[in-house]
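Q: sequence first, then the predicted structure:
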Amino acid sequence: MQAEDADALFRTFRERSDQDWLDILVSSLRIPQIENVTMPGFPDEAVQNAMHGHCGEVSLHEAHAFFREIKAYAVYAGRPLAAHRRLLDFGCGWGRMVRLFMKDIEPDNLFGTDSTSRFLTEARRCNPNLNFFASGVAPPTLLAPDSLDYIISWSVFSHLDEFLATRWIEEFVRLLKPGGLLMLTTQSRRFIAFCAEMRLRRASGIRLEHGWYEACADSFIDEAHENARYEAGHFLHAAPIARPNPLSHYGEAIIPRGYIVKHWSGMFRLVEFLDNPARLPQVLVVMQKPGNS
């Protein structure tokens, strides 16, 4: 995909409805050029499955659901998507989420970052004219202060521990313009019961078909204790039993609304804490940096 193709995609599809755009992206799984525009590519299905547990059309529908919520809350918070706005996808993986915004925001203003080099390799290969760059496990990033209108993050804060999550929230305060929006997801309280279900299935001799399910089965083992901590507004994090690095900050995370209000409200205004599985499989947290720009 050449630079002129990225611009052509924006010009060609910018007036299409969000539903039409989803249909176009689904078609691009099989048709590399649509209306004389070369579309971004996709990783092999095995790579997608390893990252998400699904691939293809299912993955695009999940991404589109997140995209719709972001657009709606951006309007609600007084900062609707526009061509000149600048957006960062934090933990972008192969660039699944950020491509949804290519009809609403000019390609030069779309950024993705990830700490995993093989994910970034796929992102650049599939969509080489967006701005993908490496980040460390911990901040800072190479972006300038007050340079972004939106930061989105799908299923990253459902894994980071409290220390690292806090460091990134502080970095996002630095990166966002006054009035800028941070929209991230984390696991819901229901995830405690989901982990218990995985343990029950394993104990019953049912094979858990994905490695992540095994990690879930080893997480939040004391249900009553974890639910009590959630009620009290504590940050819940379960580190993997067989972690490759004893200093790893990765695991399974559940961030209650009470924790966000207590610990992050000095940096951001909480716009929404959406816990509705009919709309998204994870909790959506929408926060806005104080001020106007």
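A: Received the coordinates, thanks. Numbering: from 1, shown residues only.

Q: are there helices or strands packed against the least confident helix or strand in the chain by mean pLDDT, and which ones?
A: Lowest mean confidence among the helices and strands of the chain (mean pLDDT, DSSP states H and E): helix 3-13, at a mean of 86. Counting contacts by 3 or more C-beta pairs under 8 Å, 6 or more residues apart in numbering; DSSP states H and E, helix 3-13 packs against strand 37-38. Where you see a C-beta, it was placed from the backbone N, CA and C, and this is true even at glycine.

Q: state the next helix or strand along the chain beyond the strand it packs on.
A: helix 45-52 (DSSP states H and E).

Q: average pLDDT for that next one?
A: The average of the pLDDT scores along helix 45-52 is 89.

Q: ok so, going back, buried ones in the least confident helix or strand of the chain?
A: Residues 5, 6, 8, 9, 10, 12, 13 are the ones in helix 3-13 that count as buried (16 or more other C-beta atoms under 10 Å).

Q: tell me where the stretch 101-250 of the chain has helices.
A: Ranges of helices within the stretch 101-250 of the chain are 117-126, 162-175, 190-203, 211-217, 223-231, based on DSSP state H, counting those that start in this stretch.

Q: now the top helix by length along the chain: buried residues?
A: In the chain, ranked by residue count with DSSP state H as the criterion, the top helix is helix 56-76. Residues of helix 56-76 classed as buried: 59-60, 62-71, 73-74 (neighbour count, 16+ other C-beta under 10 Å).

Q: in CSV: these, plus pLDDT.
A: Shown next, in CSV, are the buried residues of helix 56-76 (pLDDT from 0 to 100):
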residue, pLDDT
59, 97
60, 98
62, 97
63, 97
64, 98
65, 98
66, 98
67, 98
68, 98
69, 98
70, 98
71, 98
73, 98
74, 98
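
Q: would you turn those into TSV with distance to residue 200?
A: TSV is the format used below for the buried residues of helix 56-76 (distance: C-beta to C-beta, whole Å):
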residue	distance to residue 200
59	28
60	32
62	26
63	31
64	33
65	29
66	30
67	35
68	34
69	32
70	35
71	39
73	36
74	40
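
Q: from the residues you listed, which is closest to residue 20?
A: residue 64 (11.4 Å; C-beta to C-beta).

Q: and residue 131, how far is that from residue 19?
A: Per C-beta to C-beta, to the nearest Å, residue 131 is found 27 Å from residue 19.

Q: the two: who's more crowded?
A: A count of neighbours by other C-beta atoms under 10 Å puts residue 131 above the other of residue 131 and residue 19, at 16 against 10.

Q: ok, for the more buried one, nearest residue in space, not its chain neighbours?
A: Spatial nearest neighbour of residue 131, excluding adjacent residues (C-beta to C-beta, 6 or more residues apart in numbering): residue 111 at 4.5 Å.

Q: what about the protein, any weak spots by pLDDT?
A: Filtered on pLDDT under 70, the chain yields the residue ranges 1-4, 241-248, 293.

Q: and it, split by domain according to the record?
A: Listed by automatic domain parsing, the domain ranges of the chain are 3-188+256-288, 190-253.

Q: just those domains: most buried one?
A: The highest mean neighbour count among the domains of the chain, using mean count of other C-beta atoms under 10 Å, belongs to domain 3-188+256-288: a mean of 18.

Q: residues contacting residue 143?
A: Counting by C-beta atoms under 8 Å, 6 or more residues apart in numbering, residue 143 touches 88, 111, 175.
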